[in-house]
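> okay, structure incoming, though there's no sequence with it:
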């Protein structure tokens, strides 16, 4: 199956890994910290272990505004 790299939500090079996401829950700061920790752990033994991570929230799903987690 061919991949269109221009439409992927992940950009990777030697210095930066950028992942574009849609928020499904709030508040964002603890969720992004948790995601960053998981990604760093997953990359630990890879050639990208020293790359910077950039998580870009491109949208917020409407359910995030009404979920019980958003009220914490």
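Cool, got the structure. This is a predicted model, so every value here is computed, not measured.
> and the helix or strand of the chain at the bottom of the mean pLDDT ranking, what does it pack onto?
When the helices and strands of the chain are scored by mean pLDDT, DSSP states H and E, strand 10-12 comes last with a mean of 91. For strand 10-12, the packing partners by 3 or more Cβ pairs under 8 Å, 6 or more residues apart in numbering; DSSP states H and E come out as strand 16-23. Where you see a C-beta, it was placed from the backbone N, CA and C, and this is true even at glycine.
> name the next helix or strand downstream of the strand it packs on, please.
Toward the C-terminus, strand 16-23 is succeeded by helix 28-43 as the next helix or strand (DSSP states H and E).
> direction included, what does the helix or strand that comes right after that following helix pair up with?
Using DSSP H and E, the helix or strand that follows helix 28-43 towards the C-terminus is strand 52-60. Sheet pairing of strand 52-60 (DSSP bridges) gives strand 16-23 (parallel).
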